[in-house]
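Novice: Need coordinates for the following:
(one chain, ligands or ions: 2)
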Amino acid sequence: MASTSTHGAHPLIGFIGAGNMARSLASGLLKNGWGKNQIILSDPEPSQRQAIESVLGVKTLADNQAVAAQADILVLAVKPQALGEVAAALAPSVQKKKPLVVSIAAGVRLEDLDRWLGGGLPIVRAMPNTAALIGSGASGLYANERVSEAMRNQAESILRAVGVTVWLADESLMDVVTALSGSGPAYFFLVMETLEQAAIESGLDPKQARLLTLETAFGAAKMALEGHEEPSQLRRRVTSPGGTTEQAVKVLEQGGIRPLFKKAIEAAVNRSREIADMFGKKA
Ligand SMILES: NC(=O)C1=CN([C@@H]2O[C@H](COP(=O)(O)OP(=O)(O)OC[C@H]3O[C@@H](n4cnc5c(N)ncnc54)[C@H](OP(=O)(O)O)[C@@H]3O)[C@@H](O)[C@H]2O)C=CC1
Ligand SMILES: O=C(O)[C@@H]1CCC=N1
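Specialist: Residues are numbered from 1 along each chain as shown. Ligands and ions are numbered 1, 2, ... in the order given. As a prediction, this is how the structure comes out:
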């Protein structure tokens, strides 16, 4: 096994749960110079483990405790509803090993996770998004007070392997990040679906409608990311006075696109809080 040093230069990173997110992160780490022998994953499903071993070439185990007993950094990547039970079972191992814990579970607060794990641990909470699968993710991070500067850098380097990261000033902002960038890909997919369908209904060939929709979304995102101008300014540049865009944007504004998105974000924020309360009540 790679290293026995705690948080040393070549730490061993263990993933509990080897689903989509854990695989994306492990794959991102490998592309960013981590060695295959620095990564280990546990998952109950044999076919899942076999697939990971053959695709990524990293070790997998069925036993969560065996991973937790050796990992310097332990990434918890099971579904939020499973985390209470999984974390409580890991408590003896993590209390002995004292790893840096990184949780990517949506809506599980640090305080609850720390309690399930037996208390006193350095924990970073992260909210990535599905674009981590292709290395274009965006994550919010928040650390508890036991996380040192070096540990923050370690946690950040894991999430940065699959995209950009921002540190939050307050844990409650995780709910906003979940609503914005965690759920956000779904909003853009919905807009793509809607535009494509409208173009088809206006007579365009479906394949052409798909291609033009996706390339338009990509081109707009790329221009905005280049950062030479604000998105509002870029929008104004497309909107010729008396032209076509002006009419479409007017319909969207009059239809309440801004208050509608505001309401959508608020609904997601509220649900994130509800989920946190629901899981937090579990012993
Ligand atoms: N998907 C997304 O867009 C985002 C997800 N997240 C968070 O990431 C986490 C993982 O999500 P995702 O990868 O999508 O989900 P997946 O369902 O793909 O991954 C979870 C994995 O955990 C395994 N698992 C279940 N029970 C246990 C157990 N007791 N011990 C070890 N492993 C277990 C599952 O196995 P099996 O399939 O056999 O049950 C599965 O392989 C979640 O907490 C989610 O909130 C965060 C941001 C965005
Ligand atoms: O919809 C959800 O609850 C999760 C969290 C962010 C993305 N998917």
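
Novice: The residue in the chain sticking out farthest from the centre and ligand 2, how far apart?
Specialist: Residue farthest from the centre of the chain, counting by C-alpha atoms, centre = their mean, is G242 at 41.8 Å. Computed as C-beta to the nearest ligand atom, to the nearest Å, the G242 to ligand 2 distance reads 41 Å. Every residue, glycine included, has its C-beta placed from N, CA and C.

Novice: can you pull the buried residues of stretch 27-40?
Specialist: 27-30, 34, 38-40 (16 or more other C-beta atoms under 10 Å).

Novice: all helices for this protein, in order.
Specialist: In order along the chain, the chain carries the following helices (DSSP state H): 20-31, 46-56, 64-70, 80-97, 110-116, 149-160, 173-177, 184-201, 206-226, 231-238, 244-254, 257-280.

Novice: low-confidence ranges in the stretch 51-200 of the chain?
Specialist: Counting by pLDDT under 70, the stretch 51-200 of the chain has no low-confidence residues at all.

Novice: Smallest gap between it and ligand 2, at which residue?
Specialist: G182 (3.3 Å; C-beta to the nearest ligand atom).

Novice: Who does the nearest residue to that residue once chain neighbours are set aside form a beta bridge with?
Specialist: Leaving aside its chain neighbours, G182 sits nearest to M127 (4.9 Å; criterion: C-beta to C-beta, 6 or more residues apart in numbering). M127 forms beta bridges with G140, as assigned by DSSP bridges.

Novice: wait, what's in contact with M127?
Specialist: Taking C-beta atoms under 8 Å, 6 or more residues apart in numbering, we find M127 in contact with 104, 106, 139-141, 174, 177-178, 181-182.

Novice: R125 too?
Specialist: Contacts of R125 by C-beta under 8 Å, 6+ apart are 102-103, 108-110, 113, 141-143, 171, 174.

Novice: what does the stretch 1-150 of the chain have sitting close to ligand 2?
Specialist: For the stretch 1-150 of the chain, the contact set with ligand 2 under C-beta under 6 Å from any ligand atom comprises A106.

Novice: switch the cut-off to 8 Å
Specialist: 80, 106-107, 127, 129-130 (C-beta under 8 Å from any ligand atom).

Novice: distance of A106 from ligand 1?
Specialist: From A106 to ligand 1 the distance is 3 Å (C-beta to the nearest ligand atom).

Novice: Confirm for me that that residue is in contact with P80.
Specialist: Yes: counting by C-beta atoms under 8 Å, A106 touches P80, with 5.4 Å between them.

Novice: Can you list the buried residues in stretch 267-279?
Specialist: 268-269, 271-273, 275-276, 279.

Novice: The residue in the chain positioned nearest to ligand 1 - nearest residue in space that isn't next to it in sequence?
Specialist: Among the residues of the chain, G19 lies closest to ligand 1, at 1.7 Å counting by C-beta to the nearest ligand atom. In this structure, G19 finds its nearest non-sequential neighbour in A77, 6.5 Å apart by C-beta to C-beta, 6+ apart.

Novice: Backbone dihedrals for the one you found, both of them.
Specialist: When read as degrees, to the nearest 10, the backbone of A77 gives phi -130, psi 40.

Novice: residue contacts, the residue nearest to P80 when sequence neighbours are not counted?
Specialist: Closest residue to P80 apart from its sequence neighbours, by C-beta to C-beta, 6+ apart: A105 at 4.4 Å. The neighbours of A105, taking C-beta under 8 Å, 6+ apart as the test, are 76-80, 83, 113.

Novice: let's go with 7 Å and repeat that
Specialist: For A105, the contact set (C-beta atoms under 7 Å, 6 or more residues apart in numbering) comprises 76, 78, 80, 83.

Novice: Residue numbers of the stretch 101-250 of the chain in contact with ligand 1?
Specialist: Checking the stretch 101-250 of the chain against ligand 1 by C-beta under 8 Å from any ligand atom, the hits are 103-108, 126-130, 132, 178, 182, 185.
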